[in-house]
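Colleague: Generate a structure from the sequence data that follows.
(2 chains)
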Amino acid sequence: MREIQASKITELVEKLCIEACYVLSDDIYSALNTRRKTEKSPLAKEIIGTIVQNADIARNEHCPMCQDTGMTVVFIRWGQDVHITGGFIEDAVNQGVRQGYSKGYLRKSVVKDPLDRVNTTDNTPAIIHYEMVPGDEFHITVSPKGFGSENKSGLKMLTPSAGIPGIKKFVIDTIFHAGGNPCPPIIVGIGIGGTMERAAYLSKKALLRPVGSVSDNPQVAQLEKELFEEINKLGIGPCGFGGSTTALAVNILVNATHIAGLPVSVNIGCHATRHSEGEL
Amino acid sequence: METKRILSAPFTDEKIKSLKAGDMVYISGTIYTARDAAHKRLCEMIDAGEPMPFDFEGQVVYYAGPCPAKPGQPIGSVGPTTGGRMDAYSPTLISLGLRCMIGKGSRSEEVIDALKQHTGVYFAAIGGAAALMAKAVKEAEVIAFDDLGTEAIRKLRVEELPVIVAIDSEGNDMYKIGVEKFRQE
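Modeller: As a prediction, the model looks like this:
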């Protein structure tokens, strides 16, 4: 049994919160530069150039790329042979968020109660997802999620007869109605199958897959490719002002499901789709 | 792109009428931040007949909730938030003199009608470009609703804040025009 001090988790989460908000990941950065060259609209080209310039400023001057530093979503891949000592995991993660958002001068956007709406002033609680795995690894990904894009995400319980055409229609409708609000060019995370909440979880997890990666399931890879092309034909473009670059990637994750159902969830990530990861 | 077109805030009707959807312009002068909670509170105060924290006439409101300022800086990263969430409040504020709004994303027909009727304009700033936009802010001061934290109303002095005319005073809407132009059936 490997032991990990809760304080180490706090330190790592603090660092990842700041890093995720300051540094645009290389895959997205290079995808923006590539699409800038192929983009057909001059205004859209200009906008993508500004987005890249903004990422450069944030990285070089150590400040947040976007003022909406999000609700902090934390994914933990936890080997079953790891034991946490010196504190409760949830407290350790939240303490890391508290420290990261304070030391990094990140905006605190979390309200304690969705009805009363009083700010907690430290961006906690985080949304934490645990995935138990064999062995003794302990891996943390911090993905601050802004609500410009989160608000435009959606979930639908389709029937099996809807099939792939039904999935495509729901995804395309969701993206088209989102328009410029989620800060395109976007990353589209899609979860198909499982139960209602599993599909939603997978659609968020799909946003973490690198831009340019392809599903190892050939049928899913084909669906990713078709949706990517169709989304970019919608004309929404950067900022929603028209253009040939609406999405930088479509990432799909699938799960076994019930004979009677076909849950589909679409989680939209903005052009920053922040995430930063580390191991203990 | 051609030479920078720099406009000084607050705005006159004449200046607003010269702006066309799709134009890229830069704003210098005084603007105010207000987002969801501030709008709700302003409209409650209007209903109660209370005075406003600043005179709306010809003014620009920026839908933004900044990050905390680092020591020595006037403000933290400050990009636009989704304008559509303010749709319920904007026609009232426009009818009371507000002329310009800066946000991101499309607006309702009611807001577009109000812009046409009162000669207003909706600018979009590039969503997410908050580090870049913070550089245009030279001074910032909370002037109302301090308890709302990032959602407080701030008076900003800006120099060359980059924006795009999203909806002009004739109701031309880039969110429709642009997408139609590039949509492939």
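
Colleague: how many other residues sit next to the closest residue to chain A within chain B?
Modeller: Chain A sits closest to B:Gly178 of chain B, with a gap of 2.5 Å, by CB to the nearest CB. In short, each C-beta sits where N, CA and C put it, glycine included. Other residues near B:Gly178 come to 26 when the count uses other CB atoms under 10 Å in any protein chain shown.

Colleague: What residues does it make contact with?
Modeller: A:Ser41, A:Leu43, A:Gly235, A:Gly237, A:Gly240, A:Phe241, A:Gly242, A:Gly243, B:Gly22 (CB atoms under 8 Å, 6 or more residues apart in numbering or on different chains).

Colleague: Equivalent analysis for A:Gly96, please.
Modeller: A:Gly96 touches A:Ile9, A:Thr10, A:Glu11, A:Leu12, A:Val13, A:Glu14, A:Leu16, A:Cys17, counting by CB under 8 Å, 6+ apart.

Colleague: again, 6 Å this time
Modeller: A:Thr10, A:Val13, A:Glu14 (CB atoms under 6 Å, 6 or more residues apart in numbering or on different chains).

Colleague: Is it correct that it falls within a strand?
Modeller: No. Assigned with DSSP: H, G, I helix; E, B strand; the rest coil, A:Gly96 falls outside any strand and is helix.

Colleague: Against chain B, how distant is it?
Modeller: 18 Å (CB to the nearest CB, to the nearest Å).

Colleague: Excluding covalently adjacent residues, which one is nearest to that residue?
Modeller: A:Val13 (2.6 Å; CB to CB, 6 or more residues apart in numbering or on different chains).

Colleague: Hmm, A:Val93 and that neighbour touching each other?
Modeller: Yes. At 5.4 Å, A:Val13 counts as touching A:Val93 under the criterion of CB atoms under 6 Å.

Colleague: before we move on, back to that, okay, now the residue nearest to A:Gly96: neighbour count?
Modeller: 27.

Colleague: now the strands for the chain?
Modeller: Picked chain A for this. Applying DSSP state E to chain A gives strands spanning A:2-5, A:71-79, A:82-85, A:127-133, A:138-145, A:154-158, A:186-194, A:247-257, A:262-269, A:276-279.

Colleague: nope, chain B
Modeller: Under DSSP E, chain B gives strands at B:6-9, B:24-33, B:60-62, B:100-103, B:121-124, B:137-144, B:153-167.

Colleague: What ranges does chain B have for its helices?
Modeller: Applying DSSP state H to chain B gives helices spanning B:13-17, B:36-47, B:90-95, B:109-118, B:130-134, B:174-182.

Colleague: hmm, the second one in reach of chain A?
Modeller: Yep, that's helix B:36-47 we're talking about. No. Applying CB under 6 Å from any CB of the partner chain, one finds helix B:36-47 separated from chain A by no less than 7.6 Å.

Colleague: related to what we said a few turns ago, which of the strands of chain B sits closest to A:Val52?
Modeller: Of all those, strand B:153-167 sits nearest to A:Val52, with 14.2 Å by CB to CB.

Colleague: how about CSV for the helices of chain B, with mean pLDDT and distance to B:Val60 added?
Modeller: Below are those laid out as CSV (pLDDT from 0 to 100; distance: least, CB to CB, whole Å):
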stretch, mean pLDDT, distance to B:Val60
helix B:13-17, 94, 11
helix B:36-47, 96, 14
helix B:90-95, 95, 12
helix B:109-118, 97, 13
helix B:130-134, 97, 14
helix B:174-182, 94, 18
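
Colleague: Would you mind giving the ones you listed as JSON lines with distance to A:Val52 added?
Modeller: As requested, these are arranged in JSON lines below (distance: least, CB to CB, whole Å):
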{"stretch": "helix B:13-17", "distance to A:Val52": "31"}
{"stretch": "helix B:36-47", "distance to A:Val52": "29"}
{"stretch": "helix B:90-95", "distance to A:Val52": "32"}
{"stretch": "helix B:109-118", "distance to A:Val52": "31"}
{"stretch": "helix B:130-134", "distance to A:Val52": "10"}
{"stretch": "helix B:174-182", "distance to A:Val52": "20"}
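
Colleague: what's the most buried one of these?
Modeller: Across those, the average number of neighbours (mean count of other CB atoms under 10 Å in any protein chain shown) peaks for helix B:130-134, which reaches a mean of 27.

Colleague: returning to that earlier point: what is the most widely separated pair among the contacts of B:Gly178?
Modeller: For those, the maximum inter-member distance is 14.6 Å, found between A:Gly235 and B:Gly22 (CB to CB).

Colleague: When these two are compared, which one has more neighbours?
Modeller: The neighbour comparison of A:Gly235 against B:Gly22 (other CB under 10 Å) goes to A:Gly235, with 22 against 16.

Colleague: Identify the residues contacting the more buried one.
Modeller: Neighbouring residues of A:Gly235 by CB under 6 Å, 6+ apart: A:Gly242, B:Val179, B:Phe182, B:Arg183.

Colleague: Nearest residue to B:Lys181 in space, please, no chain neighbours.
Modeller: A:Gly242 (5.1 Å).

Colleague: Tell me, how many residues neighbour that neighbour?
Modeller: Neighbours of A:Gly242 (other CB under 10 Å): 26.

Colleague: Quick check, it in contact with B:Ile177.
Modeller: No. The pair A:Gly242 and B:Ile177 does not pass the contact test of CB under 6 Å, sitting 7.1 Å apart.

Colleague: returning to what we had before: out of the helices of chain B, which gets nearest to A:Val214?
Modeller: Nearest of those (CB to CB): helix B:174-182, 26.0 Å.

Colleague: Next, the angle helix B:109-118 makes with the closest one.
Modeller: 110 degrees (axes from the mean of the first three to the mean of the last three CA atoms, to 10 degrees).

Colleague: Count the residues that sit near the residue nearest to A:Arg59 when sequence neighbours are not counted.
Modeller: Using CB to CB, 6+ apart and skipping the chain neighbours, the partner closest in space to A:Arg59 is A:Val23 (5.2 Å). Applying other CB under 10 Å, we find 17 residues neighbouring A:Val23.

Colleague: Low-confidence bits of the chain, can you list those?
Modeller: Assuming you mean chain A. Within chain A, not a single segment meets pLDDT under 70.

Colleague: wrong chain, I was asking about chain B
Modeller: Where chain B drops into low confidence, which here means pLDDT under 70, it does so at B:1-2.

Colleague: which parts of it sit against chain A?
Modeller: Taking CB under 6 Å from any CB as the measure of proximity, chain B contacts chain A at B:66-68, B:70, B:76-79, B:82, B:105-106, B:126-132, B:149-150, B:174-175, B:178-179, B:181-184.

Colleague: does B:Pro74 really touch B:Val142, like I thought?
Modeller: No. Contact between B:Pro74 and B:Val142 fails when scored by CB under 6 Å: they sit 11.6 Å apart.

Colleague: returning to what we had before: JSON lines for the strands of chain B, including mean neighbour count?
Modeller: Shown next, in JSON lines, are the strands of chain B (neighbours: other CB atoms under 10 Å in any protein chain shown):
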{"stretch": "strand B:6-9", "mean neighbour count": "17"}
{"stretch": "strand B:24-33", "mean neighbour count": "19"}
{"stretch": "strand B:60-62", "mean neighbour count": "26"}
{"stretch": "strand B:100-103", "mean neighbour count": "26"}
{"stretch": "strand B:121-124", "mean neighbour count": "26"}
{"stretch": "strand B:137-144", "mean neighbour count": "16"}
{"stretch": "strand B:153-167", "mean neighbour count": "22"}
